[in-house]
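A.B. asks: Can you look at this prediction? I've put the sequence above it.
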Amino acid sequence: MAFFYVFISALLSYSHRKNKKTEIQKTNYDLCNMIGTSWFFILIFAIPLIAFLIWLMKQDKRKGVWGIILVIIAAAAAMYVSTKYGSGVAAANFELRKKEAQEQRQGE
């Protein structure tokens with residue numbers, strides 16, 4: 001639970017930093033200005049998952065064994081999906097951004 005508090009605090013503090021007019025900081029990570037899909041993810045998936053994990057931890061008589069097992073399974077699944085599907089997309093996006101930057105430099 002402390003992880004989620006730290007995560008939300010980091011998001012909120014990031015959005016309130018002074019904006020330096022750079023290309024990287026043009027995006028604003030304010031929770032009030034999230035798009036619909038982000039709210040959908042939080043309301044439909046994240047909150048029920050957190051509630052389920054809290055309930056599961058309260059039911060567990062062996063001091064959090066089920067929670068640790070579920071976190072390990074979720075981390076393994078996330079790593080598998082990231083390496084199987086996400087790496088190719090990230091590499092393609094990197095190449096596209098690199099090509100766009102080169103075209104922009106040539107246009108100047």
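C.D. replies: All right, it came through fine.

A.B. asks: Contacts for stretch 60-79, please.
C.D. replies: Contact with stretch 60-79 is made by Leu53, Leu56, Met57, Gln59, as judged by C-beta atoms under 8 Å, 6 or more residues apart in numbering. Bear in mind the C-beta positions are built from the backbone N, C-alpha and C, glycine included.

A.B. asks: Quick check: the third one vs Ile47, distance?
C.D. replies: Put plainly, it is Met57. 16 Å (C-beta to C-beta, to the nearest Å).

A.B. asks: Of those two, give the one with the bigger neighbour count.
C.D. replies: Per other C-beta atoms under 10 Å, whichever of Met57 and Ile47 has more neighbours is Met57, with 16 against 11.

A.B. asks: so what's the more buried one closest to, chain neighbours aside?
C.D. replies: Gly67 (4.9 Å; C-beta to C-beta, 6 or more residues apart in numbering).

A.B. asks: coming back round to it: mind putting the contacts of stretch 60-79 in JSON lines, distance to Ala90, pLDDT and secondary structure included?
C.D. replies: Formatted as JSON lines, these follow (distance: C-beta to C-beta, whole Å; pLDDT from 0 to 100; DSSP: H, G, I helix; E, B strand; the rest coil):
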{"residue": "Leu53", "distance to Ala90": "28", "pLDDT": "78", "secondary structure": "helix"}
{"residue": "Leu56", "distance to Ala90": "33", "pLDDT": "78", "secondary structure": "helix"}
{"residue": "Met57", "distance to Ala90": "34", "pLDDT": "76", "secondary structure": "helix"}
{"residue": "Gln59", "distance to Ala90": "38", "pLDDT": "80", "secondary structure": "helix"}
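
A.B. asks: Would you reformat these as a markdown table and include distance to Ile72?
C.D. replies: A markdown table is the format used below for those (distance: C-beta to C-beta, whole Å):
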| residue | distance to Ile72 |
| --- | --- |
| Leu53 | 13 |
| Leu56 | 14 |
| Met57 | 15 |
| Gln59 | 18 |
